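A.B. asks: below are the sequence and a predicted model for it; my questions follow.
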Amino acid sequence: MNNTIKLVISIVLPQVTGGLGALVTISSVGSWYQTINKPSFTPPSWVFGPAWTTLYLLMGLALFLIWKSDHSLKKTALWLFGIQLLLNGIWSPAFFGLESPILGLVVIVPLWIMIAVCIKVFFKISKTASYLMVPYLLWVSFATALNTSIWYLN
């Protein structure tokens with residue numbers, strides 16, 4: 001497979017994952033999510049779409065850099081990326097779909113760990129790929145604090 005196809009797949013895969021999560025999220029944002037107690041640091045709803053779209057793009061670029069490498073850890077790194085992407089895709093159905101902040105926490109904590117592991121392994125293959133994942137880790141750190149606060153307040 002040539003690098004152009006790898007790049008397209010790498011960028012599309014996280015965006016599709018995010019899009020599927022958004023389908024679940026949209027139904028709850030206008031109803032359940034509006035009725036629960038949220039902390040004062042909750043951003044306005046319009047922030048989430050552009051933030052996640054940007055993060056998914058950065059993740060896709062990181063994935064591409066790993067996928068096109070010939071490093072001996074490439075297969076491991078791709079599996080780790082797949083696991084964290086799966087967890088990312090499960091979070092919205094857990095939190096929004098099931099309207100369960102505690103299930104959201106059950107998913108987001110391992111997600112955070114897997115992103116950190118990806119960053120560590122990616123660094124050995126491509127420092128750039130590793131750095132591209134850092135904003136995602138920071139955002140999920142914030143999302144974990146937000147998810148925890150919502151669970152606590154409700």
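C.D. replies: Now that the structure is in, tell me what you want to look at. Residues are numbered from 1 along each chain as shown.
A.B. asks: please, which helix or strand holds the residue nearest the centre of the chain?
C.D. replies: The centre of the chain sits closest to N88, judged by C-alpha atoms, centre = their mean, with a distance of 4.5 Å. Using DSSP states H and E, N88 sits in helix 74-92.
A.B. asks: quick one: average pLDDT of whichever helix or strand comes after that helix?
C.D. replies: Counting by DSSP H and E, the next helix or strand C-terminal to helix 74-92 is helix 101-125. The average pLDDT within helix 101-125 is 98.
A.B. asks: how about helix 101-125: buried residues?
C.D. replies: Going by neighbour count (16 or more other C-beta atoms under 10 Å), the buried part of helix 101-125 is 101, 103-105, 107-108, 111-112, 114-115, 117-119, 121-122, 125. To be clear about C-beta, it is placed using only N, CA and C from the backbone, and glycine gets the same treatment.
A.B. asks: for that helix, packing partners?
C.D. replies: On a contact count with 3 or more C-beta pairs under 8 Å, 6 or more residues apart in numbering; DSSP states H and E, helix 101-125 meets helix 48-67, helix 74-92, helix 127-153.
A.B. asks: can you name the residues that contact the residue lying closest to V140 once chain neighbours are set aside?
C.D. replies: Among residues not flanking V140 along the chain, W112 sits closest, at 5.2 Å (C-beta to C-beta, 6 or more residues apart in numbering). Counting by C-beta atoms under 8 Å, 6 or more residues apart in numbering, W112 touches 137, 140-141, 144.
A.B. asks: L146 reaches P39, doesn't it?
C.D. replies: Yes - shown here, L146 and P39 form a contact pair, counting by C-beta atoms under 8 Å, at 6.8 Å.
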